[in-house]
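>>> structure, please.
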Amino acid sequence: MDGSAIAASGLRKAYKDKIVLDGIDLHVRTGTIFALLGPNGAGKTTTVNVLTTLLTPDAGKVVVAGHDVATETKAVRAAIGVTGQFASVDDLLTGEENLLMMADLLHLPKAEGQQIADRLLDRFELVEAAGKLAASYSGGMRRKLDLAMTLVGEPQIIFLDEPTTGLDPRSRRTMWEIIQELVADGTTIFLTTQYLEEADQLADRIAVLDQGRLVAEGTAAELKRRVPGSHVRLRFADRYELDVAAQVLHEASRDDEELTLRVPGDGGVRSWRALLDRLDAHSIEVEELSVHTPDLDDVFLALTGHGNKEVSAR
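Coordinates of the predicted model:
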């Protein structure tokens, strides 16, 4: 697969007259985190369902873990794990029993299943709760158990559909650490998420899907550079310094109450250095300087028209 865990070309899917996926191409390198973002109805869930063999595409070729999803369905399913937004744990079983049930479903020898369960309980810090019913688990614990169940089969590729939705910040950070550890061990992660910060923190590459088409793809830094809005915020000690600086930096917008100027730029070090040189040439003292660049929220707004920090991963 030339280093690809997932490769799709010309992927199309329609429901009657509604085109859901309009010829998208995807390339996910092995051992990386790939995040798919997009507003409601963009086609993300359909994409994941095709990649995980739950839906058959109308056109295009999809290869997952070296296997064609259309002709080698069983091989694809053997190589992947899927963790949905809603944990698929059995509330009537304990944490340990849930893991052992997965081992039984995979026809693993009993001793091997127990060994894997013990290892995963320890890795996910669930040892103390192993004998408790899953119904008593917190949201973070249930999400960790769900992911642990997915790992019983040691999948090469894991599809995570909104893995931290509804979790508190601490539990979310813990999940991030676990996901990063999985990738460090060589696992490939395909992530859909409601949180743009999550994609920014975790993903090696991000794709933005809108109305069935990929409208952008790249690293978080590359996507941010596509959007204007970089600026320097200068704060001055008094009104006099502000007035003088405003005359020199005529392109800046000022805030008299905050004694600040906002100077647009391209985000490069060279342009900021030139700005400071202009101020030094007029002996203007700057009390505080901060550089601001667009975040993924700005990117999302520019590309899809939706600027909410939490976007639907459907």
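>>> please enumerate the helices of the stretch 1-150 of the chain.
Taking DSSP state H, counting those that start in this stretch, the helices of the stretch 1-150 of the chain run over residues 44-51, 73-79, 95-105, 110-123, 139-151.
>>> now do the stretch 201-314 of the chain
Taking DSSP H, counting those that start in this stretch as the test, the helices found in the stretch 201-314 of the chain are 220-225, 239-248, 269-281, 296-304.
>>> where in the stretch 201-314 of the chain is pLDDT low?
When residues are selected by pLDDT under 70, those of the stretch 201-314 of the chain lie in 266-267, 306-314.
>>> make it 80
The stretch 201-314 of the chain contains residues with pLDDT under 80 at 225-230, 265-269, 292-294, 305-314.
>>> just the CA coordinates for stretch 241-248, please, in CSV.
Included here for stretch 241-248 are C-alpha records, laid out as CSV according to Å, rounded to 0.1, in the frame of the first residue of the first chain:
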residue,chain,number,x,y,z
GLU,A,241,2.9,56.2,23.0
LEU,A,242,-0.3,54.8,21.5
ASP,A,243,-0.8,58.0,19.4
VAL,A,244,2.7,58.1,18.1
ALA,A,245,2.6,54.4,17.2
ALA,A,246,-0.7,54.8,15.5
GLN,A,247,0.7,57.5,13.3
VAL,A,248,3.6,55.2,12.3
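>>> buried residues in that stretch?
E241, L242, V244, A245, A246 (16 or more other CB atoms under 10 Å). (C-beta placed from N, C-alpha, C; glycine too.)
>>> please apply the same query to stretch 99-116.
Applying 16+ other CB under 10 Å to stretch 99-116 flags L99, L100, M101, M102, A103, L108, G113, I116 as buried.
>>> ok, back up a step: could you dump the helices of the stretch 201-314 of the chain into CSV with distance to A184 added?
Shown next, in CSV, are those (distance: least, CB to CB, whole Å):
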stretch, distance to A184
helix 220-225, 19
helix 239-248, 48
helix 269-281, 31
helix 296-304, 23
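>>> that older thread, now, the most widely separated pair of the buried residues of stretch 99-116?
Using CB to CB, the two most remote members of the buried residues of stretch 99-116 are M101 and I116, lying 12.1 Å apart.
>>> so which residues of the stretch 151-300 of the chain form strands?
With DSSP state E, counting those that start in this stretch as the definition, the stretch 151-300 of the chain shows strands at residue ranges 157-161, 188-192, 205-210, 213-218, 231-235, 253-255, 260-264, 288-292.
>>> list the helices and strands the fifth one packs on?
Spelled out, it's strand 231-235. Secondary structure elements in contact with strand 231-235, counted by 3 or more CB pairs under 8 Å, 6 or more residues apart in numbering; DSSP states H and E, are strand 260-264, helix 269-281, strand 288-292.
>>> how far off centre is it?
Per CA atoms, centre = their mean, to the nearest Å, the displacement of strand 231-235 from the mean C-alpha position of its chain is 30 Å.
>>> tell me the strands beside it, with direction?
Strand partners for strand 231-235, identified by DSSP bridges, are recorded as strand 260-264 (antiparallel), strand 288-292 (antiparallel).
>>> and if you look at the second one?
Counting by DSSP bridges, the strands paired with strand 188-192 are strand 33-37 (parallel), strand 157-161 (parallel).
>>> and the contacts of it?
Around strand 188-192, the neighbours that count as contacts under CB atoms under 8 Å, 6 or more residues apart in numbering are 5-6, 28-37, 44-45, 48, 51, 156-163, 179, 182-183, 198-199, 202-203, 313.
>>> same check on the last one?
Surrounding strand 288-292, the residues in contact under the criterion CB under 8 Å, 6+ apart are G229, S230, H231, V232, R233, L234, R235, G267, W272, L276.
>>> ok, the first one - contacts?
It refers to G229. H292, T293, P294, D298.
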